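**Q** No sequence on hand, only this structure:
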């Protein structure tokens, strides 16, 4: 990635927003258990350990919520995905070695079972970043080296 604010595809934004909603719901559920049990000082060590674990859970949830909110703010600043070169958020049509063609989205997170999403840090995704229509990219798959030709950006 470029080091500056990166754009984000609509699918990736939707996936991050869904994760954020789930995390906020989970965080509220954990916070309620701490508020409800926080005034009881008669608990044993197991109760105290459970409370510490829930506190750790809140910290983990808060960190991830902050990460996602920051990423979504960054995407707003970055604007739309580029159309002249492949970047995060781009839609790219490629032709593979075997002659098949596929249109993929370059994203940060792959939606579950979304075969059109390629993450920017995957072998194909990282090979495509910065490329233009007509470029040939080389990358390594679990089956070995592969190439693909960038046909178009959309």
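**A** Everything's here; your move. Please read all numbers here as calculations on a predicted model, not as lab measurements. Residues are numbered from 1 along each chain as shown.
**Q** Please, where are all the helices along the protein?
**A** 10-37, 45-78, 123-128 (DSSP state H).
**Q** Kindly reformat those as CSV containing mean neighbour count and distance to residue 143.
**A** C-beta: built from backbone N, CA, C; applies to glycine. Below are the helices of the chain laid out as CSV (neighbours: other CB atoms under 10 Å; distance: least, CB to CB, whole Å):
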stretch, mean neighbour count, distance to residue 143
helix 10-37, 14, 26
helix 45-78, 13, 32
helix 123-128, 21, 11
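**Q** for the biggest strand by length in the chain, packing partners?
**A** Longest strand in the chain by number of residues, with DSSP state E as the criterion: strand 144-153. Using 3 or more CB pairs under 8 Å, 6 or more residues apart in numbering; DSSP states H and E, the elements in contact with strand 144-153 are strand 91-96, helix 123-128, strand 136-141.
**Q** Swap in 7 Å and give it another go.
**A** Packing partners of strand 144-153 (3 or more CB pairs under 7 Å, 6 or more residues apart in numbering; DSSP states H and E): strand 91-96, strand 136-141.
**Q** buried sites along that strand?
**A** Buried positions in strand 144-153, judged by neighbour count with 16 or more other CB atoms under 10 Å: 146, 148, 149, 150, 153.
**Q** Closest to residue 129 out of these?
**A** residue 150 (11.0 Å; CB to CB).
**Q** was I right about that closest one contacting residue 130?
**A** No: taking contacts as CB atoms under 7 Å, residue 150 lies outside contact range of residue 130: 10.5 Å.
**Q** what touches both of these two?
**A** residue 86 (CB atoms under 7 Å, 6 or more residues apart in numbering).
**Q** how close does residue 144 get to residue 96?
**A** Distance, residue 144 to residue 96, by CB to CB, to the nearest Å: 13 Å.
**Q** Kindly apply the preceding question to residue 49 instead.
**A** Counting by CB to CB - residue 49 and residue 96 are separated by 53 Å.
**Q** For this protein, give me the ranges with low pLDDT.
**A** Applying pLDDT under 70 to the chain picks out residues 1-6, 9, 11, 36-46, 77-83, 109-115.
**Q** Can you tell me the closest non-neighbouring residue to residue 64?
**A** residue 23 (5.8 Å; CB to CB, 6 or more residues apart in numbering).
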